[in-house]
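Visitor: got a sequence here, can you model it:
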Amino acid sequence: MDDLDLVRAGDPAPAEPAVEVRRPLVSATPLVFASPHSGRLYPIEMLAASSLSSAAIRRSEDALVDDLIESAPAFGISVISARYARAYMDVNRDAYELDPAMFEDELPPFARGRSPRIAAGLGAIARVVGDGQEIYDRKLVYADAERRIAGVHQPYHAALSGLLQETKAQFGRVALIDWHSMPSIAARPSRAGRTPDFVLGDRFGVSCTARLPALVERELKVLGYEVARNAPYAGGYTTEFYGDPSHDVHVLQVEINRGLYLDEAAVAPHAGFPRLKADLTKVFEALARNWTPPV
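Guide: The predicted model follows:
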């Protein structure tokens, strides 16, 4: 595990801050970017309960997405990133979307024990990594979950909520783009047989004005990328919880095909990384210049 970023979980607070917020010198647009799944911090206490190799456990990361979007503040866009690994605490889930089978003691009644994500092993505390391998070789206790929620999930969403409120107060509206990456094998070919490079998820038109995904899709297609909508990813907890276009809060999830930039086995950038990063910078510039949601 020596290639992981190891920290001590701490009690009650983790040893390292749970979230990083990068603000532009001048806030010039009602856009906010988020990267909830690119965190690379792994508490020692978590790894002690797992028999997975470092390579296996890192396959759940949306690896390097925070690096791909790091140029956004140059265009007046604030960026928030989770620092802890999603395998430790997934901030793109309801905090209490927990799998009772993972715990040796009983969960409180308000903890959600049934959902398709839990059935897949991908609740707020994941049971499996991206390729289906079990993370833990022993059961957890509910106190573990409470520590992760208090130390990671709650600080992330407090920061995100505050940033959205602040941006809306300044501009009268706000748009959050939640950046993710998807395994290349999860990118379903279209009816024409083309594999998407990006999947835009707006919960089938519910989480944002149609103008936002339309603009993102247009800019990506100009650069030669294949873009799909809502399949296989229509948006997660963040998109559902925060998206409220009737009150001028717009949320769009963007999934990037990892095959564009990542050696997925080694969890390392390949030769396509610089081109994708440069192309995304062009998209950010266009978004900051052109996107104005209805007032």
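Visitor: contacts and neighbour counts: CA atoms only from here.
Guide: Will do.
Visitor: ranges for the strands of the stretch 151-295 of the chain?
Guide: In the stretch 151-295 of the chain, the strands defined using DSSP state E, counting those that start in this stretch lie at 174-182, 198-201, 227-229, 249-257, 262-263, 268-269.
Visitor: quick one: closest of the ones you listed to Leu160.
Guide: Nearest of the strands of the stretch 151-295 of the chain to Leu160, taken as Cα to Cα: strand 174-182 at 9.6 Å.
Visitor: could you check the angle that closest one makes with strand 249-257?
Guide: Interaxial angle, strand 174-182 versus strand 249-257 (axes from the mean of the first three to the mean of the last three Cα atoms, to 10 degrees): 20 degrees.
Visitor: so which bits of stretch 211-231 are buried?
Guide: Buried residues in stretch 211-231, counted by 16 or more other Cα atoms under 10 Å: 212-213, 215-217, 219-220, 225-231.
Visitor: and the residues you listed as CSV, adding distance to Leu41 and pLDDT?
Guide: Below are the buried residues of stretch 211-231 laid out as CSV (distance: Cα to Cα, whole Å; pLDDT from 0 to 100):
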residue, distance to Leu41, pLDDT
Leu212, 32, 96
Pro213, 31, 97
Leu215, 34, 96
Val216, 30, 98
Glu217, 32, 98
Glu219, 33, 97
Leu220, 31, 98
Tyr225, 32, 97
Glu226, 32, 96
Val227, 31, 96
Ala228, 31, 95
Arg229, 31, 95
Asn230, 30, 95
Ala231, 30, 90
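Visitor: just flag the most distant two among those.
Guide: Among the buried residues of stretch 211-231, Glu219 and Ala231 lie farthest apart (Cα to Cα), at 19.4 Å.
Visitor: in CSV, list the buried residues of stretch 211-231 along with distance to His157.
Guide: As requested, the buried residues of stretch 211-231 are exported to CSV (distance: Cα to Cα, whole Å):
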residue, distance to His157
Leu212, 23
Pro213, 23
Leu215, 27
Val216, 25
Glu217, 27
Glu219, 29
Leu220, 29
Tyr225, 32
Glu226, 32
Val227, 29
Ala228, 28
Arg229, 26
Asn230, 24
Ala231, 26
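Visitor: take those and keep only those in helices.
Guide: Within the buried residues of stretch 211-231, residues falling in helices by DSSP state H are 212-213, 215-217, 219-220.
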